[in-house]
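In: Mind folding the following:
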Amino acid sequence: MSVSPQYFEQLFEHDEDPWAFRTRWYEQRKRDLTLACLPRQYYTRIFEPACANGELSAALAERTEALLCQDLNARAVDLARQRLAALPQASVVQGHLPGDWPGGAFDLIVLSEIGYYLAPCQWLQVIEQAVASLAPDGALLACHWLHPIDGCAQDGRQVHALLEQRLPLYRAVRHEEADFLLELWCCQPCAVDLQEPCR
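Out: Take a look at the predicted model:
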């Protein structure tokens, strides 16, 4: 990781919501857009690294049989576990990428606000791991802030440029605003699934 773990320890030391995921309209709207970009109502297994305090995780958990969340920071893991306590299909583990990539296949991987905290070589490894872990009908969603972040080796545009260069997938969605870029990539050409899921 190009950014020190102490960076995140300092963020969470005095604030349970250092990016204001719970309170900012910007973050709520971005979450809504993220969820609206997903072409399927329901996924079998989702992986969300860098889950922070679990605000996006709670919404993802409503659309899956099994959600695996991960974060580098122990305090963030505790907060996410509290946030997801009423959702038994969700689990949260501590770990960092690329070293702690989980086993098994996922039909959705959500890489939100994580790429620029990794060195380019680490991000490329994450991309390779994600591709190898996707189910045959799987999808990868990436969303990143476009402005420079102090101490980060890349910005969001560079993060997504590497995705475009290295992902052997079909881009189904590209949504760019002044502040962030949101893209969805699928293993197969995909359209919105109009079938109601059987649960």
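In: Hmm, residue 96 is touching residue 76, no?
Out: No. Assessed by Cβ atoms under 8 Å, residue 96 is found out of contact with residue 76, at 11.4 Å. Heads up, the C-betas are built off the backbone N, CA and C, glycines and all.
In: Which one's more surrounded, the two?
Out: Comparing residue 96 with residue 76 by other Cβ atoms under 10 Å, the one with more neighbours is residue 76, at 25 against 20.
In: Shouldn't that one be within a helix?
Out: Yes. With DSSP: H, G, I helix; E, B strand; the rest coil as the criterion, residue 76 is part of a helix.
In: is it true that it touches residue 53?
Out: Yes. Residue 76 lies in contact with residue 53 (Cβ under 8 Å); the separation is 6.0 Å.
In: Using the three-state scheme, assign residue 59.
Out: helix.
In: Show the contacting residues for it.
Out: Counting by Cβ atoms under 8 Å, 6 or more residues apart in numbering, residue 59 makes contact with 31, 35.
In: ok, now the one 5 residues further on?
Out: Contacts were defined as Cβ under 8 Å, 6+ apart; by that measure residue 64 touches 42, 43, 44, 45, 46, 89, 108.
In: Could I have the buried ones of these as ChimeraX selection syntax?
Out: Buried subset of the contacts of residue 64, written as a ChimeraX selection, criterion 16 or more other Cβ atoms under 10 Å:
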select :42,43,44,45,46,108
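In: Out of the contacts of residue 64, which two are the most distant from each other?
Out: Maximum pairwise distance among those (Cβ to Cβ): 13.4 Å, between 89 and 108.
In: thinking residue 60 is in contact with residue 48, fair?
Out: Yes. Under the criterion of Cβ under 8 Å, residue 60 makes contact with residue 48 at 6.0 Å.
In: residues shared between the contacts of the two?
Out: 67, 110.
In: hang on, the earlier thing: quick one: which of the contacts of residue 64 sit in strands?
Out: Cross-referencing the contacts of residue 64 against strands under DSSP state E gives 43, 44, 45, 46, 108.
In: CSV for those residues, including distance to residue 178?
Out: Converted to CSV, those look like this (distance: Cβ to Cβ, whole Å):
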residue, distance to residue 178
43, 30
44, 35
45, 34
46, 28
108, 27
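In: With respect to residue 131, which of those residues is nearest?
Out: Within the ones in strands among the contacts of residue 64, proximity to residue 131 (Cβ to Cβ) peaks at residue 108, which comes in at 13.5 Å.
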